[in-house]
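1. Here is the input, now give the coordinates:
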Amino acid sequence: MERDGLLVKIRRGEAMSLREQLRLTAVLSWPAIVAQLSTIVMQYIDAAMVGSLGAESSASIGLMATSTWLMWGLCSAVASGFSVQVANRIGASDRRGAERVLRQSFIPVIVFSVLLAAFGAAVSGNLPLWLGGGDDIVGDASSYFLIFSLSLPLLQISFLSGAMLRCSGNTLFPGIVNVGMCVLDVLFNFFLIFDGHEFTIGDASVRLPGAGLGVTGAAVGTALAETVAAAVMLWYLWRRNRELNMRNSEGSFMPGAACLRRAFKISFPLGVEHALMCGAQVFITAIVAPLGTVAIAANAFAVTAESLCYMPGYGISEAATTLVGQSLGAGREKLARSFAKITVVSGIVVMTVMGIVMYVGAPVMMGIISPVESICSLGTEVLRIEAFAEPMFAASIVAYGVFVGAGDTMVPAGMNLLSIWGVRITLAAVLAPTMGLAGVWVAMAVELCFRGAIFLLRLRTDRWLRANRALFAAR
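-> You can find the predicted model right below:
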């Protein structure tokens, strides 16, 4: 495959033309973009299907959105601590070392996800109340979060397997699996959310069963789809992946001290950042909650709709992590800088186009999710505010992927926290009482532009490369 040939050039120290670098970036990015979009499409599906049940059901999922993102972020951070090490070792043509890290990653991430699931289950009953939810949505919100929490170990396996495949250079298979997961999510939701359906085809009448579980059915359907995806991803990683698998490898699954230490240095800042970032989102949810059920639902659905526009940036960010990680593992800092610039510019271009699409298509995007006119109108208004911030949001997303590939997570995590807590929350608290939900989204747009600017400034320096030198100097 062309992808494999270009990746081999990185590891062998062969010269790569700008055209080849652009080609490799595109080849790795588009499957990662599809994988990211499919994850958001799954949320979109849940929101749209539940949205047809009414504003209260919509708000019950919307209220828990930031809390589920927190859990996702923590699972992703733990997986990154090991996958970045794998990318570096593959770049250094150390396949045995990469497979050793892969084996040693399973026990730590599974233990972490089980503990996280237990914590989520323990707080699920009270969390909707802590977030300011009303009596009309608390029950469904609690049930949704409980089921989501219990599925976290399976989600963690899927995250780890997908991250390992991508860092080995295989972004295609995770993308295919995630698309399949979306299809399964639709099917499971159809039978679990709604009551039985009767269809008439000609003279024949067919009745399809339905559990009629509503919001709870959406959570169960998503969990089942994630279970299938995790099983398929793990099987492929274990048996079929060319660059990295455990079929013929040997070694212990017990994690070594050096591997754990490096994983901690990468994952801990990411985890703290995700926790505090999502804590900020929870804080913003608390700012939005007093604005009423319509505002809660419009805010949550607008965030979901916007995700369709910025997830391409996260796909390119994953490609950036792989390219930079393998380049640095091969000792090619100049090539790593080149891939950093290419991926960041690509992300800005793609998300600028997506921002235009979001501005024009906002009414349609909201209309798909909810049939409630007041929710759609308010959601359209805030999406159009956010559209202007997409280019700089792209800069921060992809630059962050570059830094992660270099093992530089501490300072960028602090930059993210400074931006969201110092700029977004402060502005949101000031503007929400007078501007309502629009004020919250104005604050978000201003903060994203600020965040993109400071990430671009760091990218221009060599400071992000120093972390990689220190992290792997003793390898």
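2. burial of Glu250, as a residue count?
-> 9 (other Cβ atoms under 10 Å). Heads up, the C-betas are built off the backbone N, CA and C, glycines and all.
3. So it belongs to a strand, correct?
-> No - Glu250 is assigned coil when assessed by DSSP: H, G, I helix; E, B strand; the rest coil, not a strand.
4. can you give me the helices in the stretch 351-475 of the chain?
-> Ranges of helices in the stretch 351-475 of the chain, per DSSP state H, counting those that start in this stretch, are 373-386, 390-405, 410-419, 425-435, 437-459, 463-471.
5. so which of those helices is the most packed in?
-> For the helices of the stretch 351-475 of the chain, the largest average neighbour count (mean count of other Cβ atoms under 10 Å) is found in helix 390-405, namely a mean of 27.
6. so can I have JSON lines of the helices of the stretch 351-475 of the chain showing mean pLDDT and distance to Met246?
-> Below are the helices of the stretch 351-475 of the chain laid out as JSON lines (pLDDT from 0 to 100; distance: least, Cβ to Cβ, whole Å):
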{"stretch": "helix 373-386", "mean pLDDT": "90", "distance to Met246": "43"}
{"stretch": "helix 390-405", "mean pLDDT": "92", "distance to Met246": "23"}
{"stretch": "helix 410-419", "mean pLDDT": "88", "distance to Met246": "31"}
{"stretch": "helix 425-435", "mean pLDDT": "90", "distance to Met246": "44"}
{"stretch": "helix 437-459", "mean pLDDT": "94", "distance to Met246": "36"}
{"stretch": "helix 463-471", "mean pLDDT": "68", "distance to Met246": "24"}
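7. can you tell which of the ones you listed is closest to Leu116?
-> Nearest of the helices of the stretch 351-475 of the chain to Leu116, taken as Cβ to Cβ: helix 410-419 at 18.9 Å.
8. got a list of what Gln156 touches?
-> For Gln156, the contacting residues are Cys75, Val78, Ala79, Val109, Ile110, Phe112, Ser113, by Cβ atoms under 8 Å, 6 or more residues apart in numbering.
9. Looking at the helices of the stretch 351-475 of the chain, spot the one closest to Ala231.
-> The nearest among those, by Cβ to Cβ, is helix 390-405 at 26.9 Å.
10. That closest one - contacts with which helices or strands?
-> Where contact means 3 or more Cβ pairs under 8 Å, 6 or more residues apart in numbering; DSSP states H and E, helix 390-405 is packed against helix 55-91, helix 293-329, helix 333-369, helix 410-419, helix 437-459, helix 463-471.
11. so where do the helices sit in the stretch 101-250 of the chain?
-> Going by DSSP H, counting those that start in this stretch, the stretch 101-250 of the chain shows helices at 127-130, 135-150, 152-167, 172-193, 215-239.
12. which stretches of the stretch 101-250 of the chain have low pLDDT?
-> 197-206, 248-249 (pLDDT under 70).
13. Please repeat the previous calculation with a cut-off of 80.
-> Scanning the stretch 101-250 of the chain for pLDDT under 80 picks out the ranges 131-136, 169, 171, 195-212, 240-250.
14. The nearest residue to Phe106 once chain neighbours are set aside in helix, strand or coil?
-> The shortest distance from Phe106 to any non-neighbouring residue, by Cβ to Cβ, 6 or more residues apart in numbering, is to Phe253 (5.9 Å). With three-state DSSP as the basis, Phe253 sits in coil.
15. Next up, the contacts around Phe253.
-> Arg103, Gln104, Phe106, Ile107.
16. dump the residue contacts of the first one.
-> Contacts were defined as Cβ under 8 Å, 6+ apart; by that measure Arg103 touches Met246, Ser249, Gly251, Ser252, Phe253.
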